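S.K.: the following block contains a protein sequence and its predicted model.
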Amino acid sequence: MSDDDLSFSIRSLRFDENYQPSEKTRITTNFANLARGEHCQDNLRGALRMIDNRFNDLADWDNPDGDRYSIELDIISVEMHIAAAGGTNAFPMIEILKTSIVDRKSDTRINGIVGNNFSSYVRDYDFSVLLAEHNKGRAGFEAPDGFGDLHGNLFRHFLNSRAYTDNFKKPPVICLSVSSSKIYHRTGNRHPVLGVEYRQSAFSSTDAYFAKMGLNARYFMPRGSVAPMAFYFTGDLASDYTSLELIGTISTMESFQRIYRPEIYNANSAAGLCFRPSLDHEDFSSTRIVYDREERSRLAIEQGKFVQEQLIRPYQADLDRWSASYAPSHAL
């Protein structure tokens, strides 16, 4: 199998108050979780309102009424085609979000950052199936050799593909919750948009996994936030993107994190000089937006097994050989 045997295609679906998850969507995707149940439209309206309000709060220059901007979100679904399979069946690979900024004052639409949220079928397999199988019966916990290599190289290959470069002009930025197993220390560095920078005590498993995707990690707590977020990126996060682009990502992902992890991101007190995130924290406020965290964990295992059956078992030998030859010569 060569690089030419793996290609990608992209589908886009608007995330708005009328959003309904596609039959092909990754069912553990956080935004798909919000769009199920009897309160789904209230959930979606509430989340989108939070995003717009937070954007205008941060983009407060020339914005006296705090309503100049709104955010449009598109769900970008990436499918992988394997030539060995005839190239006809598309395997679902990842889903990310694309932000666009609507400026009501100038009546313009500004491209934002792609990435933001990150959902991956192969990551479900790695964390929910492979790790569990590898550690079954072991006294301690460890990752198998080469853990994350295939996923990382597939992601790098996607970023270098025509599917990506034809659709997006800048590299992605992925913004996630900080790890509840690590301690974060506030530094003296402050960015005008990203806010105050934190550094952590050690690499988390997510940091190590994303490093294999070619992504660096930094941790910032923007103005008005109560906890730092983890930003994963290539290049220079602080200078490669405009203020509005960064605010689009911050407002989107902070709003989602306030819904997904209110114990950390909707806490009633802000992170101090030394911060250890905890989902057991009890002093927080509810967003009143319904999110089923238990369902998400259960479905991740189901999707991991789907990947095992449909991708790993039929093509593992070919994919492993491809990945081993790809890694040394394809740095982002």
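M.R.: Perfect, I can see it now.
S.K.: point me to the helix or strand that includes Tyr232.
M.R.: Assigned by DSSP states H and E, Tyr232 falls within strand 229-233.
S.K.: I meant Glu79, not that one.
M.R.: Using DSSP H and E, Glu79 sits in strand 69-82.
S.K.: and the closest residue to Tyr121 other than its chain neighbours, what does it touch?
M.R.: The spatially closest residue to Tyr121, leaving aside those adjacent along the chain, is Val307, at 5.0 Å (Cβ to Cβ, 6 or more residues apart in numbering). For the C-beta atoms, the positions are set from N, CA and C on the backbone; glycine is no exception. Taking Cβ atoms under 8 Å, 6 or more residues apart in numbering, we find Val307 in contact with 121-122, 124-125, 129.
S.K.: next, count neighbours for Thr252.
M.R.: Counted with other Cβ atoms under 10 Å, the neighbours of Thr252 add up to 26.
S.K.: that one is in contact with Lys98, isn't it?
M.R.: No. Thr252 is beyond contact range of Lys98, at 10.1 Å (criterion: Cβ atoms under 8 Å).
S.K.: hey, what's in contact with both of those two?
M.R.: 73, 116.
S.K.: ranges for the helices of the stretch 51-200 of the chain?
M.R.: 121-125, 131-134, 149-159, 162-165 (DSSP state H, counting those that start in this stretch).
S.K.: centre of the chain to the longest one, how far?
M.R.: The offset between the C-alpha centroid of helix 149-159 and the centroid of the whole chain comes to 15 Å, using Cα atoms, centre = their mean, to the nearest Å.
S.K.: mean confidence score for that helix?
M.R.: If you average the pLDDT over helix 149-159, you get 96.
S.K.: can you give me the pLDDT of Lys182?
M.R.: 93.
S.K.: show me what contacts it?
M.R.: Lys182 touches 200-202, 204, 276-277, counting by Cβ under 8 Å, 6+ apart.
S.K.: and if we set it to 10 Å?
M.R.: 200-207, 219, 230, 275-277 (Cβ atoms under 10 Å, 6 or more residues apart in numbering).
S.K.: filter the residues you listed down to the buried ones, PyMOL style.
M.R.: Buried residues within these, by 16 or more other Cβ atoms under 10 Å, are selected in PyMOL with:
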select buried, resi 200+204+206+207+219+230+275+277
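S.K.: lowest-confidence one in the contacts of Lys182?
M.R.: Scanning the contacts of Lys182 for pLDDT, the low point is Ser201. It has 83.
S.K.: ok, and the closest non-adjacent residue to that residue?
M.R.: Closest to Ser201 by Cβ to Cβ, 6+ apart is Ile183, at 4.4 Å.
S.K.: same question, Leu215
M.R.: Nearest to Leu215 is Tyr232, by Cβ to Cβ, 6+ apart, at 4.1 Å.
S.K.: wait, doesn't the one you found sit right on Lys212?
M.R.: No. Checked against Cβ atoms under 10 Å, the pair Tyr232 and Lys212 is beyond contact range at 11.5 Å.
S.K.: out of those two, which sits in the more crowded spot?
M.R.: Higher neighbour count among Tyr232 and Lys212: Tyr232, with 23 against 18, using other Cβ under 10 Å.
S.K.: ok, that one - contacts?
M.R.: 115, 118, 172-176, 206-207, 209-211, 213-218 are the contacts of Tyr232 under Cβ under 10 Å, 6+ apart.
S.K.: gap between it and Phe220?
M.R.: 12 Å (Cβ to Cβ, to the nearest Å).
S.K.: same deal with Phe284?
M.R.: Applying Cβ to Cβ to Phe284 and Phe220 gives a distance of 21 Å.
S.K.: these two: which is more packed in?
M.R.: Phe220 (24 against 17).
S.K.: coming back round to it: the residue nearest to Tyr121 in helix, strand or coil?
M.R.: Assigned by DSSP: H, G, I helix; E, B strand; the rest coil, the conformation of Val307 is helix.
S.K.: now swap in Leu319 and tell me
M.R.: With three-state DSSP as the criterion, Leu319 reads helix.
S.K.: and it, what does it touch?
M.R.: 1, 6, 82, 84, 122, 150, 153-154, 311-312, 326.
S.K.: now with 6 Å?
M.R.: Residues near Leu319 by Cβ atoms under 6 Å, 6 or more residues apart in numbering: Leu150.
S.K.: check it and give its pLDDT.
M.R.: 92.
S.K.: what ranges do the strands span in the stretch 101-250 of the chain?
M.R.: 108-120, 173-177, 184-191, 195-200, 216-221, 229-233 (DSSP state E, counting those that start in this stretch).
S.K.: tell me which strands the fifth one pairs with, and in which orientation.
M.R.: Partners of strand 216-221 in the sheet, by DSSP bridges, are strand 195-200 (antiparallel), strand 229-233 (antiparallel).
S.K.: next one: the longest one
M.R.: Looking at strand 108-120 with DSSP bridges, its paired strands and their directions are strand 90-103 (antiparallel), strand 173-177 (parallel).
S.K.: can you give the distance of the last one from its chain's centre?
M.R.: Offset of strand 173-177 from its chain centre (Cα atoms, centre = their mean): 5 Å.
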